[in-house]
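Colleague: Pasting the sequence and the predicted coordinates here, then a few questions.
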Amino acid sequence: MRTILFTLLVNVLFFGYSQEKKDSIPKVWKVNGKLAFVLNQSSFSNWIAGGSNTVAGNIALDYDFNYHRNKWRWDNKITSIYGLSYIDGQGVRKTDDRFEYNSLLGLKSGKYWFFSFISNFKTQYTRGYDYKKTPFEPISDFLSPAYWSFGPGMLWKKSDSARVNIAPASARLTFVSDEFSGKYGVDEGRNTSFGLGFNLSGYFKFHVMKNVEMENILAMYSDYLDKPQNIDVDYQMRFFIKINKNLSTNLGFHTIIDDNASSKIQFKQMFGLGLNYIFHKT
């Protein structure tokens, strides 16, 4: 009996010590992964006003993994979106295609200020076409174009949902294949171009009202070496209206101003019912 009690006491003490030791380890990584599928559909039958049957779907991945320890912050975000639509008489077409990886390393220097170093990479997965031309004209492909920006700066960060980074000496490399040489700011006969300029990026997310969340992502770039007065702007505004744990209504706006890619303002709007799945959260 004494042996059994002694064994139980040892096990309890060992478990308590192990649990205390485990809990005392500082939690330095904060991870959040979300997968969303957004569906849009319209159907017509003997509809006097006319219309085409359409089905469209987007699959989106948002993956954040952030490291916080002492004065160091290392925030990482992967955004991946791909969408297709089917329209009667036109077939299947790509509606969205984006891969972006943002990395921001910061060393605290004040209450909300950090010395920082940013890195941003973005491209698309598959071939894109200008459907207004016959035959369809290819305008992009995997890694063509692709953009990589990096440089030191200063970061103002109040929380994971509110931050602005200023990088006055940011390098940007643009990559294209031989097929698209001479476009996207790359000289004819070359596959890369180098830029050095001012980079400003910001991220703000907050609740507009109960169950309504608004996310804003802004990136601005001015190239000192090539038409610095032409400022590139990439702005995204997204609303998430929560229905329950796994369903939401998603509304998004995306605007791009980049004279190397297009002389016109690019604009995209998306609205649909989203099915959300959190696959990693710590």
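Modeller: Perfect, I can see it now. Everything numeric in this text was worked out from a predicted model, so none of it was measured. Numbers count the residues shown, from 1 in each chain.
Colleague: List the backbone torsions phi and psi for the one residue sitting closest to the centre of the chain.
Modeller: For the chain, Thr79 is the residue whose C-alpha lies nearest the centre (C-alpha atoms, centre = their mean; 3.2 Å). The phi/psi pair for Thr79 (degrees, to the nearest 10) reads phi -120, psi 120.
Colleague: Show me what it is bridged to.
Modeller: Asp62, Glu100 (DSSP bridges).
Colleague: With Ser144 instead?
Modeller: For Ser144, the beta-bridge partners under DSSP bridges are Asp141.
Colleague: What of Ser85?
Modeller: With DSSP bridges as the criterion, Ser85 is bridged to Ala56, Arg93.
Colleague: Now do it against Gly91, distance only.
Modeller: The gap separating Ser85 from Gly91 is 10 Å, by C-beta to C-beta, to the nearest Å. C-beta coordinates here come from the backbone N, C-alpha and C atoms, glycine included.
Colleague: and Glu157, what does it touch?
Modeller: One correction, residue 157 is Lys, not Glu. The neighbours of Lys157, taking C-beta atoms under 8 Å, 6 or more residues apart in numbering as the test, are Arg73, Gly106, Tyr112, Phe114, Arg163, Val164.
Colleague: Just name the closest of those residues to Leu61, please.
Modeller: Arg163 (21.2 Å; C-beta to C-beta).
Colleague: how near is the closest one to Asn102?
Modeller: From Arg163 to Asn102 the distance is 11 Å (C-beta to C-beta).
Colleague: which neighbours do those two share?
Modeller: Counting by C-beta under 8 Å, 6+ apart, the residues touching both Arg163 and Asn102 are Asp75.
Colleague: Most neighbours of all the contacts of Lys157, which one?
Modeller: Using other C-beta atoms under 10 Å as the neighbour criterion, Gly106 leads the contacts of Lys157 with 24 neighbours.
Colleague: roughly how far apart are the residue nearest to Lys27 when sequence neighbours are not counted and Tyr101?
Modeller: Excluding the flanking residues, the one nearest Lys27 by C-beta to C-beta, 6 or more residues apart in numbering is Thr282, at 7.9 Å. Distance, Thr282 to Tyr101, by C-beta to C-beta: 20 Å.
Colleague: which one of those two has more residues nearby?
Modeller: Taking other C-beta under 10 Å, Thr282 and Tyr101 do not tie; Tyr101 has more neighbours (16 against 9).
Colleague: Just confirm the more buried one contacts Ala146, I think it does.
Modeller: No - using C-beta atoms under 8 Å, Tyr101 makes no contact with Ala146, being 11.1 Å away.
Colleague: in the stretch 1-150 of the chain, which ranges drop under the pLDDT threshold?
Modeller: Applying pLDDT under 70 to the stretch 1-150 of the chain picks out residues 1-26, 42, 44-51.
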